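Engineer: what's the 3D shape of this:
(chains A, B, C and D)
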There are 2 protein chains.
Amino acid sequence: MSLDLVFAALADPTRREILVRLLQGEATVSDMCDPGGLKQPTISKHLKVLEVAGLIASDQRAQRRPRRLQLANMQVLAAWMEPFQRQWDGRFDQLEALSRAQSQKGE
Amino acid sequence: MSLDLVFAALADPTRREILVRLLQGEATVSDMCDPGGLKQPTISKHLKVLEVAGLIASDQRAQRRPRRLQLANMQVLAAWMEPFQRQWDGRFDQLEALSRAQSQKGE
DNA sequence: CAGCTATATTGCTATAAAGCGATATAATAG
DNA sequence: CTATTATATCGCTTTATAGCAATATAGCTG
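Structural biologist: All right, here's what the predicted structure looks like:
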């Protein structure tokens, strides 16, 4: 649940693809390594990283182990970004205020 | 400006600390390696990574090269996360609706 | 010019990570 | 129990990265 694990997990493009795929619903390991893509052990390793980071969870149905998103831990990211977002919005507001002031002057 | 570079840059805790520090305003290389911490070449390397990722920019004042945040590229992150946020909010809304329905039934 | 300060670059070592094939484990089917 | 399917783990190679000391470069100051 550390910020570190979450960011490290998201740093890999394959893992981000996996997460995006899971937006459409759960998927099994074999679903994900389909044809010509990465091999099963590779996928399994990525899934473990995502699980340790708390970004996904796994069910067990027969031999299948479908994974699903665990969005609560994704919010940790959002929380970290908040101050930056705030500063970004702040600058936007300033610009807006400035342009308002300008148009006022123009009248 | 690739998502990949941005995520990779954020994967390192030292680089995240640098960004957080820059929230309070610009800072030079020497500001950042202060005492007992990381050495100057290490900091410079991190700064380069952040710059390539488009997360910071550098000015030049005399020999100093103060760095400042470049928040526009941080928004790329936010954009990537949006679908997840939406799904998260969606679930929340569902819960809320459910609880509304329950309390209605209770009356 | 010489010397100083701030930063960048180079070359190195150590550690971690991605990907793979081979193999082990787990659950089901017959 | 045997075979099959789904997934996990192991051992390996290759590539990338963090950190450092040493050195180079750039701008200022005298």
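Engineer: Quickly note the distance from the spatially most central residue of chain A to A:Val20.
Structural biologist: Geometric centre of chain A, nearest residue: A:Met74, 6.0 Å, by C-alpha atoms, centre = their mean. Taking C-beta to C-beta, to the nearest Å as the measure, A:Met74 falls 12 Å from A:Val20. The way it works is simple: take the backbone N, C-alpha and C, and place the C-beta from them, glycine included.
Engineer: which residues do those two both contact?
Structural biologist: Residues within reach of A:Met74 and of A:Val20 at once, by C-beta atoms under 8 Å, 6 or more residues apart in numbering or on different chains: there are none.
Engineer: Model confidence for the residue nearest to the centre of chain A, exactly?
Structural biologist: Model confidence at A:Met74, given as pLDDT, is 94.
Engineer: Could you tell me whether it really is in a helix?
Structural biologist: Yes: secondary structure assignment places A:Met74 in a helix (DSSP: H, G, I helix; E, B strand; the rest coil).
Engineer: shouldn't it be in contact with A:Leu50?
Structural biologist: No: counting by C-beta atoms under 8 Å, A:Met74 stays clear of A:Leu50, with 10.8 Å between them.
Engineer: re earlier: what about the closest residue to the residue nearest to the centre of chain A other than its chain neighbours, distance to DNA strand C?
Structural biologist: The spatially closest residue to A:Met74, leaving aside those adjacent along the chain, is B:Phe84, at 5.1 Å (C-beta to C-beta, 6 or more residues apart in numbering or on different chains). Separation of B:Phe84 from DNA strand C (C-beta to the nearest atom of the strand, to the nearest Å) stands at 19 Å.
Engineer: need the contact list for B:Phe84.
Structural biologist: The contact partners of B:Phe84, taken as C-beta under 8 Å, 6+ apart, are A:Leu19, A:Leu23, A:Leu69, A:Leu71, A:Met74.
Engineer: next one: phi and psi at the closest residue to the second one other than its chain neighbours?
Structural biologist: The shortest distance from A:Leu23 to any non-neighbouring residue, by C-beta to C-beta, 6+ apart, is to B:Pro83 (5.6 Å). Summarising the backbone geometry of B:Pro83 under the convention degrees, to the nearest 10, its torsions are phi -60, psi -30.
Engineer: my guess is B:Pro83 meets A:Arg21, correct?
Structural biologist: No: if you go by C-beta under 8 Å, B:Pro83 and A:Arg21 don't touch, sitting 11.5 Å apart.
Engineer: for chain A, where's the lowest mean pLDDT among helices and strands?
Structural biologist: helix A:74-106 (a mean of 80; mean pLDDT, DSSP states H and E).
Engineer: Between helix B:74-106 and that one, find me the angle.
Structural biologist: 110 degrees (axes from the mean of the first three to the mean of the last three C-alpha atoms, to 10 degrees).
Engineer: List the contacts of the closest residue to chain B within chain A.
Structural biologist: Closest residue of chain A to chain B, C-beta to the nearest C-beta: A:Ala11 (3.7 Å). The contact partners of A:Ala11, taken as C-beta under 8 Å, 6+ apart, are B:Phe7, B:Ala8, B:Leu10, B:Ala11.
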